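Engineer: Sequence and computational prediction follow.
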Amino acid sequence: MKELEVRSDSHRQMVNITAQVRSAVEEMGAQDGEVRVYVPHTTAAVVINESADPDVVRDLLAAYEAMIPKISFRHAEGNSDAHLLSTLLGSSVAVPVLGGRMRLGTWQGIFFVELDGPRTRRVLVSVLG
Amino acid sequence: MKELEVRSDSHRQMVNITAQVRSAVEEMGAQDGEVRVYVPHTTAAVVINESADPDVVRDLLAAYEAMIPKISFRHAEGNSDAHLLSTLLGSSVAVPVLGGRMRLGTWQGIFFVELDGPRTRRVLVSVLG
Amino acid sequence: MKELEVRSDSHRQMVNITAQVRSAVEEMGAQDGEVRVYVPHTTAAVVINESADPDVVRDLLAAYEAMIPKISFRHAEGNSDAHLLSTLLGSSVAVPVLGGRMRLGTWQGIFFVELDGPRTRRVLVSVLG
């Protein structure tokens, strides 16, 4: 298992961590199986989506914001919106590995999603199979 | 594989099953790999999020409710809202296991999400690696 | 690893791929572990939900549509709504396999979710454990 450090510099942010995950897979010498990318935080998430056009990431962040319902939250820390998005987007993703190579689609990248930053976060990368 | 029984006592409810999953991991003697928690139901889900402040769970349930669009559903059983939330939250989670211990983050717990209760439900726990 | 081809014939569509995934699991001779179904596309997803009543799928697609926020998207291809739903629904699912058999619940099926069709798509199926 490898631990990555990810720094966010705004409140909501999608950080492309594909290269770091790929390096971790190579260092661990995985051949066939899958790689798991796990976020041990409750106000962050990880998703797989388009990494080519940065406008996609901007649109995603704007849409997540707009989907948060306008209700009163009770949690005293005031970041229930971040907990909500974390559960909807998910705390981990897995990608198949074949012949030592992650089988991401042509346009896919792996993004750490900061929902209550800026902060320094940890991401766990492990291989199975 | 271990099968857990989870009882809900209201229509929507998040039941913290972290301790039961941890016990199952220990009984199965997993060392390094991951544990999968799988919900074999179509009107329930499983998520990982904060288990410290119970207000987070209340806020999450209120937000899920508020996000259900006000459209006419056709499904005769009248629980399409539960099917919808089930697909958005997801039917399984995985957590890395290292040295026999689940690597949940400090504030993370595993919650069975009842979306059409009260009912008695099953949860499958298996280890890989 | 097996690669399935899935054809969609409308803009949004849920295609039941349970039988194809089951055949792939049998061909690969998996005994105990899990099967991963991975979508290498950024405007499609995969979910597990009810396969008995086709009205559930109609309700799900109508609800996803209604949940897309009415904001201006910047991405020039005009399909940011599809990227959004892809990240909310997820790019992969896993199902436990025991004694060579996928442990789907009684009412569960595996659905490829086309969000920007019609297109011909690929789905990767692999077994672990």
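Structural biologist: Here it is on my side, so go on.
Engineer: what angle do the lengthiest strand in chain A and strand B:120-128 make?
Structural biologist: In chain A, with assignment by DSSP state E, the single longest strand is strand A:120-128. Relative orientation of strand A:120-128 and strand B:120-128, computed by axes from the mean of the first three to the mean of the last three C-alpha atoms, to 10 degrees: 80 degrees.
Engineer: For strand A:120-128, output the C-alpha coordinates as PDB.
Structural biologist: This file holds the C-alpha atoms of strand A:120-128, laid out as PDB (Å, rounded to 0.1, in the frame of the first residue of the first chain):
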ATOM      1  CA  THR A 120      -3.500  18.600   3.000                       C
ATOM      2  CA  ARG A 121      -5.100  15.200   2.500                       C
ATOM      3  CA  ARG A 122      -4.100  11.600   2.300                       C
ATOM      4  CA  VAL A 123      -5.000   9.000  -0.400                       C
ATOM      5  CA  LEU A 124      -4.400   5.300   0.000                       C
ATOM      6  CA  VAL A 125      -3.400   3.300  -3.100                       C
ATOM      7  CA  SER A 126      -3.400  -0.500  -3.000                       C
ATOM      8  CA  VAL A 127      -3.300  -3.300  -5.600                       C
ATOM      9  CA  LEU A 128      -5.200  -6.500  -5.500                       C
END
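Engineer: What residue in chain A comes nearest to chain C?
Structural biologist: A:G105 (3.0 Å; C-beta to the nearest C-beta). C-beta coordinates here come from the backbone N, C-alpha and C atoms, glycine included.
Engineer: For the spatially closest residue to that residue that is not a sequence neighbour, list the residues it contacts.
Structural biologist: Leaving aside its chain neighbours, A:G105 sits nearest to C:P40 (3.0 Å; criterion: C-beta to C-beta, 6 or more residues apart in numbering or on different chains). Applying C-beta atoms under 8 Å, 6 or more residues apart in numbering or on different chains to C:P40 gives the contacts A:R103, A:L104, A:G105, A:T106, A:Q108, C:S91, C:R122, C:L124.
Engineer: does C:P40 count as helix, strand or coil?
Structural biologist: Following DSSP: H, G, I helix; E, B strand; the rest coil, C:P40 is assigned to coil.
Engineer: who in chain A is up against chain B?
Structural biologist: Residues of chain A lying near chain B by C-beta under 8 Å from any C-beta of the partner chain: A:1, A:36, A:38-42, A:67-69, A:71, A:73-77, A:80, A:83-84, A:86-88, A:90-92, A:94, A:122, A:124, A:126, A:128.
Engineer: out of the residues you listed, which are inside strands?
Structural biologist: Those of the residues of chain A next to chain B mapping onto strands are A:R36, A:Y38, A:S92, A:A94, A:R122, A:L124, A:S126, A:L128, per DSSP E.
Engineer: Turn the residues you listed into JSON lines, columns for distance to B:I17, pLDDT and neighbour count.
Structural biologist: Formatted as JSON lines, those follow (distance: C-beta to C-beta, whole Å; pLDDT from 0 to 100; neighbours: other C-beta atoms under 10 Å in any protein chain shown):
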{"residue": "A:R36", "distance to B:I17": "20", "pLDDT": "98", "neighbour count": "24"}
{"residue": "A:Y38", "distance to B:I17": "18", "pLDDT": "98", "neighbour count": "24"}
{"residue": "A:S92", "distance to B:I17": "17", "pLDDT": "98", "neighbour count": "20"}
{"residue": "A:A94", "distance to B:I17": "21", "pLDDT": "98", "neighbour count": "24"}
{"residue": "A:R122", "distance to B:I17": "24", "pLDDT": "98", "neighbour count": "14"}
{"residue": "A:L124", "distance to B:I17": "21", "pLDDT": "98", "neighbour count": "20"}
{"residue": "A:S126", "distance to B:I17": "22", "pLDDT": "97", "neighbour count": "27"}
{"residue": "A:L128", "distance to B:I17": "22", "pLDDT": "95", "neighbour count": "22"}
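Engineer: which residue does chain A bring closest to chain B?
Structural biologist: A:P40 (3.0 Å).
Engineer: what about that residue, distance to B:G129?
Structural biologist: Distance, A:P40 to B:G129, using C-beta to C-beta, to the nearest Å: 18 Å.
Engineer: what's the answer for A:R101, then?
Structural biologist: 20 Å.
Engineer: measure stretch A:31-40 end to end?
Structural biologist: One end of stretch A:31-40 sits 25 Å from the other (C-alpha to C-alpha, to the nearest Å).
Engineer: Same check on stretch A:106-126?
Structural biologist: End-to-end distance (C-alpha to C-alpha), stretch A:106-126: 22 Å.
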